[in-house]
Structure formats: C-alpha cells, structure tokens
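Asker: Return a 3D structure for these sequence lines:
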Amino acid sequence: MVLELPDYVKGSGNGANYGIELTLEHFLNQGYYYLLTASLFQSEYQGSDGIIHSTAFNHRYVTNALFGKEFNLSNAAKSQKTLSFDVKVAYRSGKRATPWTAIFDPVENKYYREWDKSRAYELQLRDYFKTDLTACYRLNKSRFTQ
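Answerer: Sure thing, here's the model as predicted:
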C-alpha cells in the first residue's frame with residue numbers, strides 16, 4: 001500500500017533564516033551579575049505554491065534581561081550561606097498563527113476548524129511580556145549543597 005500525501009504536506013519548498021544576535025554579560029563580581037540578549041531575525045519559506053510565507057517561528061525579535069544580586073551570609077570555611085535575588089524579563093513579538101473558519105457539520109452535530117492553508121502563519125498574535133522574580137537561599141557544605 002502506497003500512501004499519497006496531499007500537496008500541502010510535501011516538503012518541496014525552500015526556507016531561509018537570517019538575523020543578528022547581541023549578548024552582553026557580566027559574570028558574578030562583588031555580588032552582582034546580569035545577562036542581556038537581543039535577537040532580530042526573519043524566518044521564511046517558499047512553499048510548493050511559489051509564495052514566500054513566514055514560518056511558525058518568525059517572531060522577528062526576542063529580548064531577555066536578567067539582573068541579580070548575591071549576598072554572602074557567612075564566611076566560614078566549612079559552611080557557606082548565600083542569599084540571592086534576581087529579576088528576569090522576557091519580551092518578544094507574538095507567535096504566528098494560520099487563519100481558520102469554524103464549520104458546523106449537521107450530521108456529526110459538531111463544529112470543526114477549516115484551516116486556510118494558503119495563508120499559513122500570516123497572522124501574528126500579540127507581543128509576549130513576562131517578568132520573573134526569584135529569591136534563593138543556598139547552603140554549601142563540604143559534601144553537599146542545599
């Protein structure tokens with residue numbers, strides 16, 4: 001038995017990814033550290049229809065920032081206690097989506113989605129923003145860390 005795939009499933013197109021990344025990092029020094037990253041990029045493909053589309057991963061930009069401070073609470077050689085705080089921020093453009101239409105099937109008495117494959121990943125959802133705050137207490141001993 002030979003399985004024949006529909007044309008929209010066959011991998012006969014070409015893809016291209018290009019962009020630039022920037023990273024700025026300050027390693028732990030005097031209790032402070034940070035890491036900043038930014039990426040600007042395009043991710044596209046030319047399908048078997050000859051039209052250039054965005055891929056599902058074409059967010060266009062991603063930025064991240066991490067800032068932290070670490071406090072030593074003890075100077076003992078056998079046991080070291082540390083308290084740290086950091087904030088992480090992520091901001092990127094929205095995910096890509098393919099438009100669809102809700103179709104009602106009266107025989108099955110339910111709705112299903114009909115995807116518009118000619119407009120694959122044409123829509124872009126809202127930008128994504130997230131902030132995380134972290135507090136950490138660490139105890140280092142000669143045979144374990146907790």
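Asker: switch to C-alpha atoms for all contacts and neighbour counts from now on
Answerer: Fine.
Asker: Now name the helix or strand holding Gly94.
Answerer: Element membership of Gly94 [criterion: DSSP states H and E] is none; it lies in no helix or strand.
Asker: quick one: average pLDDT of stretch 115-134?
Answerer: When pLDDT is averaged over stretch 115-134, the result is 92.
Asker: what's next to that stretch, contact-wise?
Answerer: 8, 53-56, 85-101 (C-alpha atoms under 8 Å, 6 or more residues apart in numbering).
Asker: Pull up the gap between the nearest residue to Ala56 once chain neighbours are set aside and Tyr137, please.
Answerer: Leaving aside its chain neighbours, Ala56 sits nearest to Arg96 (5.3 Å; criterion: C-alpha to C-alpha, 6 or more residues apart in numbering). Per C-alpha to C-alpha, to the nearest Å, Arg96 is found 39 Å from Tyr137.
Asker: Neighbour count: these two, which is higher?
Answerer: Each of Arg96 and Tyr137 has its neighbours counted (other C-alpha atoms under 10 Å); Arg96 has more, 19 against 13.
Asker: can you tell me which residues contact that one?
Answerer: Contacts of Arg96 were listed using C-alpha under 8 Å, 6+ apart, and they are Thr55, Ala56, Phe57, Asn58, His59, Tyr121, Glu122, Leu123, Gln124, Leu125.
Asker: Ok, Tyr111 next?
Answerer: Residues near Tyr111 by C-alpha under 8 Å, 6+ apart: Ala102, Ile103, Phe104, Asp105.
Asker: now with 10 Å?
Answerer: Residues near Tyr111 by C-alpha atoms under 10 Å, 6 or more residues apart in numbering: Thr101, Ala102, Ile103, Phe104, Asp105.
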